[in-house]
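Colleague: Okay, structure incoming, though there's no sequence with it:
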């Protein structure tokens, strides 16, 4: 047997002839080789002690007394973790730690299903699924032909010794410097090395997969001039999940995301650091070789083709857009549950009201709320219990949910269109037109479109949390809710949701700062050549953080609303909202006294991220609209029909409703209930 052992980022092959030695012996042998060979990560005059030994894939700790043959396979990978590998929480900087590489969610399975890319039809959901590792990548036949045709144009330019920007010249300020033919390869390699100057935390494997997949999609359009062989190497690396170390900071979002995309390309060249599920972090050359892959050797224009574009902004923006859409639908559901437990009325969601202000998002939210709240299809005992109360109208965070949530939905839809277009756009410079046999230097790399859109998305989705936090306040405040303070019995002894509300308030306040647009700023770079930039990288990163914060605030409201309804039992709410409560109760029990609350917030956030709240009500909403053709218009003290007397609180209210269908009209009489 042969086992590859990693000690602080360097790999050592340890032969095990019989497999009979123990795991402890394997660790000691690997450490001996580390101390003997003194690789760059070796620190002189420091005693190194084994801490534990783990399988690199998945991070499982191995028992030192087990025999190698019992727990490892031939050519397996293990990580030797030393005592000194543990970072100091006070002084350690954010960097790659050469300790076990664990994969969120468990063992990573290489998929066997392919998604075919053509550079024109990739959706946001496709990109997210590629990021999660659900598909491998292949190119369509048409795409392969376009890539080859554009490469032929580049080869002809080089053959004819023509002076063309980025192919036979320097870059940026050096655009007028002509490069000799025998140095064109060095030119492209130097471009990648010098531009790999990013800083900050590394992108997660999921984000790096999305970044790489999106760059492959852009190259697949056939306007970049990359060779089919180089593109194939990128695809092979993606399919093996060999992912370069890419720091998240360093792009100004004009002339593309140069720094992060250079780090992405650097790993593919076999330089810098790289990660795969099989090897964990290691030298890029070794990680590629362990998957039988060879480093990319760049030819004319290929370095530029790998780094000109807005793929960091757009890939992070795609994740933010997808998650914003998921949380927005569920924010409507949670708002409905809160309105129910605060004994609000659904009368403000009357379709005739919203038809008078015919915004799509507003009408969609109102329609959704009508399906979730009291109706003939889904009656609510809670709504029936207060149908003739004397409350005239509800607070804005309840009554105006369609108007405020609606624009958030419309914003998400608008941004989704911008991001989807950007994902399928040629953002190189120069652009290669194979059918015309020429290249054109232009500015498709400028990130202003996704930058502005993502600043807008941050502002739009933030409002969901702004509304939600105020509803949490109403739930916790007995003056508004008529429920126990902070939704717990024995107040004083117990604090209930007091600090959970503070957490929601802090996240909303943080979002207010994060919503300041990054794209209103610009700093001239590259000696004035790039005199306007988008700052789209920061716009994308902070937008995603805003979405994360919104998810947590909605999770807190969800828990608070479910807790509040415990004080209204044994009354039941509508069937779809009871299903929501059932899902929440699968991860978080009611509070009868104080307990450690953070895990419950995390669990509720996970439910929202996985769309489990939406899935709990989706079929019920469809059933409502399929079965109930006559809208339930509940009684409200603020509404009455001219010519009719207001009913006494003890009397049900009847209203004649005229329904017109073509030339026919029928008058139906029904009893309306207030919820």
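Modeller: Nice, I can see it. All values derive from a computational prediction rather than experimental measurement.

Colleague: so what's the residue lying closest to residue 452 once chain neighbours are set aside up against?
Modeller: Ranked by C-beta to C-beta, 6 or more residues apart in numbering and with sequence neighbours excluded, the top spatial neighbour of residue 452 is residue 519, at 5.1 Å. The way it works is simple: take the backbone N, C-alpha and C, and place the C-beta from them, glycine included. Listed by C-beta atoms under 8 Å, 6 or more residues apart in numbering, the contact set of residue 519 reads 448, 451-452, 455, 534-536, 539.

Colleague: Looking at these, which are in helices?
Modeller: 448, 451-452, 455, 536, 539 (DSSP state H).

Colleague: from those residues, which single one is nearest residue 461?
Modeller: Nearest to residue 461 among the ones in helices among the contacts of residue 519 is residue 455, at 11.5 Å by C-beta to C-beta.

Colleague: if I pick residue 565, what's in contact with it?
Modeller: Contacts of residue 565 by C-beta under 8 Å, 6+ apart are 337, 340-341, 382, 573, 581.

Colleague: Nearest to residue 621 among those residues?
Modeller: The closest of the contacts of residue 565, once distances to residue 621 are taken by C-beta to C-beta, is residue 337, at 13.8 Å.

Colleague: State the helix or strand in which the closest one lies.
Modeller: helix 311-341 (DSSP states H and E).

Colleague: all strands of the stretch 101-250 of the chain, in order?
Modeller: Per DSSP state E, counting those that start in this stretch, the stretch 101-250 of the chain carries strands over the ranges 114-117, 136-139, 199-202, 243-244, 247-249.

Colleague: Name the strands paired with the shortest one and say parallel or antiparallel.
Modeller: Right, the one you point to is strand 243-244. strand 273-276 (antiparallel) (DSSP bridges).

Colleague: which residues sit against the strand it pairs with?
Modeller: Here strand 273-276 has contacts from 9, 96, 101, 205, 208, 240-245, 267, 281-284, 287-288, 290-291, using C-beta under 8 Å, 6+ apart.

Colleague: at 10 Å what do you get?
Modeller: 9, 56-57, 77, 95-96, 98, 101, 108, 110, 202, 204-205, 208, 237, 240-246, 263, 266-268, 280-288, 290-291, 293 (C-beta atoms under 10 Å, 6 or more residues apart in numbering).

Colleague: Can you name the element that comes right after that strand?
Modeller: strand 280-283.

Colleague: looking at it, residue 369 is touching residue 346, isn't it?
Modeller: Yes - Residue 369 lies in contact with residue 346 (C-beta atoms under 10 Å); the separation is 6.6 Å.

Colleague: Could you tell me which residues touch both of those two?
Modeller: Counting by C-beta under 10 Å, 6+ apart, the residues touching both residue 369 and residue 346 are 336, 339, 398.

Colleague: Show me which of those is closest to residue 414.
Modeller: residue 336 (24.5 Å).

Colleague: Roughly how far does the spatially closest residue to that closest one that is not a sequence neighbour sit from residue 378?
Modeller: Spatial nearest neighbour of residue 336, chain neighbours left out: residue 372 (4.1 Å); criterion: C-beta to C-beta, 6+ apart. When C-beta to C-beta, to the nearest Å is applied, the distance between residue 372 and residue 378 equals 8 Å.

Colleague: Those two - which one has more neighbours?
Modeller: residue 372 (28 against 22; other C-beta atoms under 10 Å).

Colleague: picking up where we left off before, ok, and the most crowded of the contacts of residue 519?
Modeller: Most neighbours among these, by other C-beta under 10 Å: residue 536, with 33 neighbours.

Colleague: Assess the claim that it and residue 309 are in contact.
Modeller: No - using C-beta under 10 Å, residue 536 makes no contact with residue 309, being 11.4 Å away.

Colleague: any idea of the mean pLDDT in whatever helix or strand residue 555 lives in?
Modeller: Residue 555 belongs to helix 536-565 when assigned by DSSP H and E. The pLDDT scores in helix 536-565 average 98.

Colleague: Tell me the secondary structure of the residue nearest to residue 452, please.
Modeller: coil (DSSP: H, G, I helix; E, B strand; the rest coil).

Colleague: Tell me the spacing between the most centrally placed residue in the chain and residue 356.
Modeller: Nearest residue to the geometric centre of the chain (C-alpha atoms, centre = their mean): residue 319, 3.4 Å. For residue 319, the distance to residue 356 (C-beta to C-beta) stands at 37 Å.

Colleague: and residue 42, what is it in contact with?
Modeller: Per C-beta under 10 Å, 6+ apart, neighbours of residue 42: 7-8, 10, 34-36, 48.

Colleague: Give me the pLDDT value at it.
Modeller: So, for residue 42, pLDDT stands at 84.

Colleague: go on, the one 10 residues further on?
Modeller: At residue 52, the predicted lDDT confidence score is 89.

Colleague: Residue 203 and residue 448: what is the separation?
Modeller: 23 Å.

Colleague: returning to what we had before: list only buried entries from the contacts of residue 42.
Modeller: 7-8, 10, 34, 48 (16 or more other C-beta atoms under 10 Å).

Colleague: coming back round to it: among the contacts of residue 565, which two are most distant?
Modeller: 382 and 581, at 11.9 Å, using C-beta to C-beta across those.

Colleague: So for the two, which residues contact both of them?
Modeller: Joint contacts of residue 382 and residue 581 (C-beta under 10 Å, 6+ apart) are 565, 572-573.

Colleague: Contacts for stretch 473-483 next, please.
Modeller: By C-beta under 10 Å, 6+ apart, stretch 473-483 touches 338-339, 341-344, 394-395, 397-398, 471, 484-488, 491, 496-498, 500-501, 504-505, 556-557, 559-561, 563-568.

Colleague: ok, now stretch 614-630?
Modeller: 326-330, 332-333, 336-337, 367-373, 375-378, 574-584, 607-608, 611, 632, 657, 659, 661, 668, 670.

Colleague: Now do the helices in the stretch 401-550 of the chain.
Modeller: 401-423, 448-476, 478-481, 498-514, 536-565 (DSSP state H, counting those that start in this stretch).

Colleague: for these, which one sits closest to residue 73?
Modeller: Nearest of the helices of the stretch 401-550 of the chain to residue 73, taken as C-beta to C-beta: helix 536-565 at 38.6 Å.

Colleague: Can you check what angle separates the closest one from helix 401-423?
Modeller: 150 degrees (axes from the mean of the first three to the mean of the last three C-alpha atoms, to 10 degrees).

Colleague: pLDDT of the helix or strand just after helix 536-565, averaged?
Modeller: Using DSSP H and E, the helix or strand that follows helix 536-565 towards the C-terminus is helix 575-585. In this model, helix 575-585 has a mean pLDDT of 98.

Colleague: What is the next helix or strand along the chain from helix 575-585 packed up against?
Modeller: Going down the chain from helix 575-585, the next helix or strand is helix 598-609, by DSSP H and E. Counting contacts by 3 or more C-beta pairs under 10 Å, 6 or more residues apart in numbering; DSSP states H and E, helix 598-609 packs against helix 311-341, helix 498-514, helix 536-565, helix 575-585, helix 612-627.

Colleague: List the contacts of helix 598-609.
Modeller: 323, 326-327, 329-331, 333-334, 499-500, 503-504, 548, 550-560, 562-563, 580, 583-584, 586-589, 591, 612-616.

Colleague: pretty sure residue 181 contacts residue 163?
Modeller: No - using C-beta under 10 Å as the test, residue 181 is too far from residue 163 to be in contact (11.4 Å).

Colleague: about what we covered before: need phi/psi at the residue nearest to residue 336.
Modeller: phi -90, psi -30 (degrees, to the nearest 10).

Colleague: CSV for the helices and strands packed on helix 598-609, including distance to residue 388?
Modeller: Below are the helices and strands packed on helix 598-609 laid out as CSV (distance: least, C-beta to C-beta, whole Å):
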stretch, distance to residue 388
helix 311-341, 17
helix 498-514, 32
helix 536-565, 21
helix 575-585, 22
helix 612-627, 24
